[in-house]
Each structure stands twice: as structure tokens, then as C-alpha cells.
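S.K.: need coordinates for the following:
(2 chains)
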Amino acid sequence: MELSLFAQIGFALLSAFIMFVYGLLLMSSMARIRARVQGRIGIPLWQPFIDIIKNNAKRTSISHGVMFYLGPVFRLAGGLGTLMFIPMIFGSRYWGNFSFSGDALLVMYFIFFGQLGMALGAGDGGHPYSAIGISRGLAQMTAFEVPFALSVIALAAQHGTLSITELVAAQQNGVLSWNVFANPAATIAAIIAFLGMSMHNPFSVVIAPQEIPIGPPTEYQASFLGMLQTNRAIFNAAKLVLYVNLFFGGATTFVGLVIKTFLLYFINVFVGVAFPRFRTDQSIRFFLGIPALLGLIGIAIAAIVGGAS
Amino acid sequence: MSTSEPRPVAETDREGVIEAMNRIELPELDRKYFCDERPKVVEPYKGIVEKFLNWARSQSLWILGFGTGCGAIELRPLMTARYDMYRYGIQPRPTPRQSSVFIIGGYASVKTMKRIVRSYEQMQNPKFVMGLGSCTVNGGMYWDSYNTINRLDHYIPVDVYVAGCMPRPESLLAGFMKLKQLIRDGKAEGANEYARNFDWYKENQKRIIKDWNMPDYNW
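M.R.: Predicted structure coming up:
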């Protein structure tokens, strides 16, 4: 039975809320793990929630014009848009969100969209450090889009579809049918792109906290910053769900989803605490090197395997 | 002519330069980034709402990472494993727009005072100030120095003083706990106090900052 439109919208909003809470808990728990690596205790689990409440409760805020307002709005729209078109739980008619044939392309666009909107907004803030952060962010983004796009193309070629739901459906015949085993080269390329997307340590020069205050959001304060933090949680969670769907067989229950996304996010921390930071030009060269090559190998594998079946 | 005698011509020139600097108007293009508006008093909410918000504010203190004097050296150990301020919800933040606690680390020279005023005004209400070290209380060992201020709270409102020369990171943490208590009790209303007594603060600031070449109030 199909859900009515209102029920669908209601469940989509509920899934956005769940992902918001889950994303924040994920961020704080990872911050705690990172703190343990450094021999500290780290922030409380609920710290990101309090930060958002505090930022929204600021009594004054400064705007620099219409575009400055719209920057965080576009960013949040990008995060929500990414989430809304990804089926959260495979086979569930409640948590399928607005998945449709061809949503893989739309989601790739939405991942880019938020950053572009942010670039326009932060540029209007007039702070030179915002501009530096944006140019770094967009350059790095363009670079990691290459391996990411190549690996999505590889999957689309292998399974002959651009629908995320169908991609998940193709991975339901046991663990060995997951794309991580069906197409390891594309998966590795995409996971390296994921490291860049999350802006954790080797690729954290975009938000370089000490040299250029914190990159694009330098001028954002109060509820603007609260909105950006909300988006950060939703966007992180959406990307994780997307990756689980694309490469790790999707999730049929919430427990499976939590386990898979937690382990996937853990890759970030694992790499982040072990490696120092790349400069922007280094990270661009890195993404266009071996990860892009792996993406091409992934397409070759897809052509061979997909052609044989 | 001995070198120690003042040179009147050069001195007049300098005065002229300062006066000219004071007369400079902002270009139209840059004007939207600055503001000459006076700060406004924003009354806090009443009852349980404000109590809850104050609790949230006290649990999420973002320090402005601006080391104004030698005391800034005591802030660094707070991030390390030995003191670990993160577990109390205290984090450094690199931009004044997003931070809520301004720590004046030790002596404030007149030149730094100008930057302190600008940074303080860019922070958003509610904001809290912590004076670190004896120099902020009464000048400390710089009491009769020609270029440092003696009492910090003549220039910006201060919530908590941490005395000592230098205070150790433990006492800084104790100061943070005191500040949290004040915020929870609703007594840390420095930003509103600044807005209420704006003219008095400005007068004091202008008395020591001679080359005042910025808007009177820049957010």
C-alpha cells in the first residue's frame, strides 16, 4: 500500500530529525574517541546540542545583506536535499523517503549545491578569510568529486541503473554481493573521496582553525551558525547513509544502519588521528592521482563484470 | 641642539596626522561592513526560559583565541591532557563573532586596548569577560607604566577576575567555574551593562586611545 503524500512528508521530516540527532551524537562520540587518543576525556556527548541551543539563544546577530542570510539556508537545503532523496531503510515503506529512479545524480548535485550556496553567502560577509576558506573548499571539492563521480558511474554501469533503491536491491544476495566486494576499486576510490568530503584531518585545511579562523563560516554567528551546525549533523549522516546504500548493502533495520554508519565514520577518525594535514594543492594532486585512477579501474571492472552478466 | 629636546615641528606633524586619521571617512563600499549604531540593551527573558538558556550558555563557553598579554601562555595548557577544558564545555574559537568569553591575558597595553575594544564589540550579546592576572585588576607590576592601563573594568565590563602573577591553569579553571555560576544565576550581564553605560565607557576608552581611527561602535 502506498503512503499518502502527507504521511510521506511526515516520515521524511521525522527521518531528518532522527538523522540530526544521530549525526550530532556521532560527531560528539567521535570527538570523545579522538580525545581518548590524545589522553583527554573530551567533550560530553550532549555538547553539540548545547552549542546549538546557545548559538540560537544569542540575543543579537549581525547580517551583511540578503545573500548572507541565504548562505546557511542553501547549505541546510543541500543537506536536507541529500537526505530526502536517499532511502534510509531499504524495503521499508516508511523510511524510503523520496527515492526515485535517477536519484543518484540528484544526490551528487545536492552534495555540491550546499557548498556553492555557502560560497555566495560567505562571500557577502566581506571577510577575507571566508574567501580564502571558500576557494580552498571549492578547489578541494572539485578534486574529490572526480573519484566520487567515477565510482558512482562505475556502480551505475555495473548494475545498469541510477536509482539508489535499485542499487541497494542488487546487493541483497548476501555479504559477497555488496559493492565493496563486487567492485573494490570503486569503493576504495569513493571512501578516499569520503575522507575529503568530511573535512577531517588530512583534508581539514578548508576550515584551518588556527591560520584562517575557521574558513567559510568566519563571519557567521548566532542563529546563522546554529543553522550551519544543524546542517553539519544532517549532512554527515546523509553522506553516511548514502555510502552504506551504495557500497555496503544498504540497511534493512535501524540497528544495521547504526552499526554500518558508525564503522564507516570511524574510518575518518582512524585516518584523522594518524595523519597530518595536506595543503590544498597537495590534496588536489592526491585526489587526481591514485583515487581517480582507482575510479577508472572501477569503471573497467564494471564494464567487464557488467558486460559478462 | 641636543637630541633629548622635543622637536616641535615633528610633534605638530604627528598631531596633524592623528587629526587627519580621525577625520577619515569610510568609503561607501566598505560602509556595510561597519556600523556606527550604538549597542542596544536586550532585556533577558523571564523565569524558566532564561534559566534554561543561561544553563546552556554556561555549559558552552567559547573562548576568543586572542592572547592579549603574557597571560595567554596559561591558556594553552588548558587544551592539553593535563587540564582538558573541553570536558567542561569550554572551547577555543578563532573569531570574535562566534565566541562568548573574552579572556584578557595579563597587562593590556594602550595599543592592544584598541584591538580589545574592537574585538569585544564584535562579539554578540551575551558575552563575558575574564580578567586574567593582577595587571588587569590594578595594573600589577605595570602600575605606573606609561603605556598600559591599570583597571580593565574602566574600559570594558568584566565578569570575573583571576588574580595572580601569573595565575596557574588550575586557578583559571576555578575562574571558569565561578563564571559558570554567575551565568547560571543571571548575574553576567556585561553586554547590557556596556550598552547602558556606553558613553562612560567610550569616554574612558578615548581618554587613553589617542589615534581613534575607527567607528565609534563597530558591532
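S.K.: where does the prediction get shaky in chain A?
M.R.: A:1-2, A:209-213, A:307-309 (pLDDT under 70).
S.K.: how does it look with 80?
M.R.: Within chain A, the stretches with pLDDT under 80 are A:1-3, A:63-65, A:90-102, A:114, A:122-127, A:206-216, A:306-309.
S.K.: list, one by one, the residues from it near chain B.
M.R.: Residues of chain A lying close to chain B (CB under 8 Å from any CB of the partner chain) are A:35, A:38-44, A:47, A:50-51, A:53-55, A:57-62, A:64-65, A:126, A:209-210, A:213-214, A:217-222, A:225. Quick note: C-beta positions are derived from backbone N, CA and C, even for glycine.
S.K.: give me the buried subset of these.
M.R.: Buried by 16 or more other CB atoms under 10 Å in any protein chain shown: A:35, A:40, A:42-44, A:47, A:50-51, A:53-55, A:57-62, A:64, A:126, A:213-214, A:217-222, A:225, out of these.
S.K.: helices of chain A, start to end?
M.R.: Secondary structure of chain A (DSSP state H): helices at A:5-37, A:47-56, A:66-84, A:103-124, A:128-159, A:164-169, A:179-182, A:184-198, A:222-247, A:254-274, A:280-288, A:290-308.
S.K.: tally of neighbours for B:K206?
M.R.: Using other CB atoms under 10 Å in any protein chain shown, B:K206 has 12 neighbouring residues.
S.K.: looks to me like it is in a helix.
M.R.: Yes - counting by DSSP: H, G, I helix; E, B strand; the rest coil, B:K206 is found in a helix.
S.K.: quick one: the nearest residue to it once chain neighbours are set aside from B:K114, how far?
M.R.: Counting by CB to CB, 6 or more residues apart in numbering or on different chains, the nearest residue to B:K206 once its immediate chain neighbours are dropped is B:W212, at 5.8 Å. The spacing between B:W212 and B:K114, counted by CB to CB, to the nearest Å, is 8 Å.
S.K.: of those two, who's got more company?
M.R.: More crowded of B:W212 and B:K114, by other CB under 10 Å: B:K114, with 19 against 15.
S.K.: how far away is the nearest residue to the more buried one once chain neighbours are set aside from A:Y129?
M.R.: Excluding the flanking residues, the one nearest B:K114 by CB to CB, 6+ apart is B:I209, at 5.1 Å. Look at B:I209 and A:Y129: by CB to CB, they are 25 Å apart.
S.K.: the two: who's more crowded?
M.R.: Neighbours of B:I209 and A:Y129, each counted by other CB under 10 Å, are more numerous for A:Y129; the result is 20 against 17.
S.K.: that one against A:A208, yeah?
M.R.: No - checked against CB atoms under 8 Å, the pair A:Y129 and A:A208 is beyond contact range at 9.1 Å.
S.K.: hey, what's in contact with both of those two?
M.R.: Listed as contacting both A:Y129 and A:A208 by CB atoms under 8 Å, 6 or more residues apart in numbering or on different chains are A:G215.
S.K.: where along chain B do the helices fall?
M.R.: Using DSSP H, helices in chain B cover B:8-23, B:47-59, B:110-122, B:134-138, B:169-184, B:190-196, B:198-208.
S.K.: please identify the most buried of those helices.
M.R.: Ranked by mean neighbour count, those are led by helix B:134-138 with a mean of 22 (mean count of other CB atoms under 10 Å in any protein chain shown).
S.K.: is B:D159 in contact with B:L182, as I believe?
M.R.: Yes - applying CB under 8 Å, one finds B:D159 in contact with B:L182, separated by 5.9 Å.
S.K.: anything in contact with each of these two?
M.R.: Residues touching both B:D159 and B:L182 (CB under 8 Å, 6+ apart): B:A188.
S.K.: pLDDT below threshold where in chain B?
M.R.: B:1-37, B:65, B:211-219.
S.K.: can you tell me which residues in it are near chain A?
M.R.: B:32-33, B:40, B:42, B:44, B:53, B:56-57, B:59-60, B:65, B:80-81, B:84, B:86-87, B:89, B:91, B:93-95, B:97-98, B:100, B:124-126, B:191, B:219.
S.K.: of the residues you listed, grab the buried ones for ChimeraX.
M.R.: In ChimeraX syntax, the buried subset of those is picked out as below (16+ other CB under 10 Å):
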select /B:53,56,57,59,60,65,84,86,89,91,93,94,95,97,98,100,124,125,126,191,219
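S.K.: who's in contact with the closest residue to A:F85 other than its chain neighbours?
M.R.: Computed as CB to CB, 6+ apart, the closest residue to A:F85 that is not its neighbour in sequence is A:D103, at 4.4 Å. By CB under 8 Å, 6+ apart, the contact set of A:D103 is A:85-86, A:162-165.
S.K.: can you pick the most crowded of these?
M.R.: A:I86 (32 neighbours).
S.K.: so how far is A:F266 from that one?
M.R.: Going from A:I86 to A:F266 by CB to CB gives 20 Å.
S.K.: cool, and A:Q115?
M.R.: From A:Q115 to A:F266 the distance is 24 Å (CB to CB).
S.K.: settle it for me: which of these two has more neighbours?
M.R.: Between A:Q115 and A:F266, counted using other CB under 10 Å, A:Q115 has the larger neighbour count: 19 against 14.
S.K.: from what I can see that one touches A:L138, true?
M.R.: Yes - checked against CB under 8 Å, the pair A:Q115 and A:L138 is within contact range at 6.6 Å.
S.K.: re the thing from before, compare the helices of chain A and report which one is nearest to B:L152.
M.R.: helix A:47-56 (25.1 Å; CB to CB).
S.K.: from the chain's centroid, how far away is that closest one?
M.R.: 21 Å (CA atoms, centre = their mean, to the nearest Å).
S.K.: packing partners of it?
M.R.: In terms of contacts (3 or more CB pairs under 8 Å, 6 or more residues apart in numbering or on different chains; DSSP states H and E), helix A:47-56 is packed against helix A:5-37, helix A:222-247, helix B:47-59.
S.K.: pick the most deeply packed of those helices.
M.R.: It is helix A:222-247: most buried of the helices and strands packed on helix A:47-56 by mean count of other CB under 10 Å, with a mean of 24.
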